[in-house]
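>>> Need a 3D model of the sequence below.
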Amino acid sequence: MVSRFVVGRRAAKPAAVPEAEAPLLSASSPGLTGIEGKQLPRCRVEVATHTAKNWGGRHENEDRCMAAHDCLGDQLEFHTVGVLDGHDTDSASDLVAKLLPGAVGRRIKEGLPISEAYMEAMAEMEDRLKREHATAGTCVNSCTIAGGRVWCANLGDCRAALVTLEATPAGAAKAEQITWLSRDHKASCPTEQKRIEAVGGCVIEGRVEGLEPSRTLGDFDVKMTVKPGVISIVPEVRTVDIGTGKALGRRAVLMCATDGIWDVMSGQDLCKLTQARKDLGAYFNMEALAEAPKAGMQALKELAEDIVQFALAKGSRDDCTCLVAMISVLPE
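Below is the predicted model of the structure:
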């Protein structure tokens, strides 16, 4: 696919958007049942996706997206969205994309804390893959959104970021801050190398038995040759509260993307592309928002495509997939 972006001469550099990292979720944090019934802000979520196959078509596109909506009790809605990067065919990423949202949702409704719900759901997915696939594997980045808060569970080197927005006098949307919701899990990362060696594994040239991501589902051809836990299925879970803001509420764009995007794109690139989609300002129009603004939704679709196209222009040769979710935390 040929990108519509041209990377060349650059204009004057604008001020950088502040960047932060979401904190890890503690094991004792309550599940959604612990906040059900409390006065939480109303939260609306709209999703768009775009994907492009690897340069040269060396193999079929092994990336997948997932998006599901569920409800806890009568009032608390929650959404589970994310991306998966498969390897050695798409069989693992395809299966997990179909089953993981439901597996997480069931455990949330049973009252498990978010981190525990994801740990158990990942273990269930691993068991399913054992019965069906010998060598295929997948990285997973999954986010749960409810009541103005986002939880992100990550295995591997997909990544999620949250760009909070503010309305401009001209009616557009300006990036206020970008918060990273996950860290990559690669064998070459110092923290992951230390973890691997602590459980008896060995990292050679940034890989374990040829596998670069150090936390995955599947990949049993590798996992059978190393000690248990070397290639982990335990996700890191981080969380961030978007807040309620003032009279207009709060708006934030969640971006989940595979490593084909992040290999070449920075957080500042992401903010620039978001601000360029001026029609995202329609999400600050309360009357239009009540009717699912066509201008805003079209801008969201184009933003997902922009991110993929920009990665191609920057030279990415991998499958490139991006899911964007506009989170509108509405005033009471």
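>>> Helices of this structure, start to end?
Secondary structure of the chain by DSSP state H: the helices cover 91-109, 114-132, 190-198, 220-223, 259-262, 267-276, 286-289, 294-313.
>>> Throw these into a markdown table and include mean neighbour count and distance to G249, thanks.
Placement of C-beta: from N, CA and C, glycine included. Putting the helices of the chain into a markdown table (neighbours: other C-beta atoms under 10 Å; distance: least, C-beta to C-beta, whole Å) gives the following:
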| stretch | mean neighbour count | distance to G249 |
| --- | --- | --- |
| helix 91-109 | 22 | 24 |
| helix 114-132 | 19 | 23 |
| helix 190-198 | 14 | 37 |
| helix 220-223 | 18 | 45 |
| helix 259-262 | 25 | 29 |
| helix 267-276 | 19 | 18 |
| helix 286-289 | 14 | 8 |
| helix 294-313 | 20 | 14 |
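>>> out of these, nearest to L162?
Checking the helices of the chain against L162 by C-beta to C-beta gives helix 267-276 as the closest, at 10.3 Å.
>>> Would you mind getting the angle between that closest one and helix 294-313?
Between the axis of helix 267-276 and that of helix 294-313 there is an angle of 150 degrees, by axes from the mean of the first three to the mean of the last three C-alpha atoms, to 10 degrees.
>>> helices and strands around helix 267-276, which ones?
strand 159-167, strand 173-180, helix 294-313 (3 or more C-beta pairs under 8 Å, 6 or more residues apart in numbering; DSSP states H and E).
>>> Of all these, which one is nearest F284?
Judged by C-beta to C-beta, the one of those that comes nearest to F284 is strand 159-167, at 4.2 Å.
>>> angle of that closest one against strand 173-180?
Going by the same axes, to 10 degrees, strand 159-167 makes 150 degrees with strand 173-180.
>>> show me what contacts the spatially most central residue of the chain?
The residue lying closest to the centre of the chain (C-alpha atoms, centre = their mean) is C256, at 2.9 Å. Applying C-beta atoms under 8 Å, 6 or more residues apart in numbering, we find C256 in contact with V81, G82, V83, N141, C143, C158, R159, A160, C322, L323, A325.
>>> pLDDT below threshold where in the stretch 101-250 of the chain?
Across the stretch 101-250 of the chain, the stretches falling below the confidence threshold (pLDDT under 70) are 133, 246.
>>> mind redoing it with 50?
In the prediction, the stretch 101-250 of the chain carries no residues with pLDDT under 50.
>>> could you dump the helices of the chain to CSV with distance to E77?
Output for the helices of the chain, formatted as CSV (distance: least, C-beta to C-beta, whole Å):
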stretch, distance to E77
helix 91-109, 11
helix 114-132, 15
helix 190-198, 35
helix 220-223, 36
helix 259-262, 28
helix 267-276, 25
helix 286-289, 16
helix 294-313, 19
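>>> about what we covered before: can you put the helices and strands packed on helix 267-276 in TSV and add distance to G245?
Formatted as TSV, the helices and strands packed on helix 267-276 follow (distance: least, C-beta to C-beta, whole Å):
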stretch	distance to G245
strand 159-167	9
strand 173-180	10
helix 294-313	17
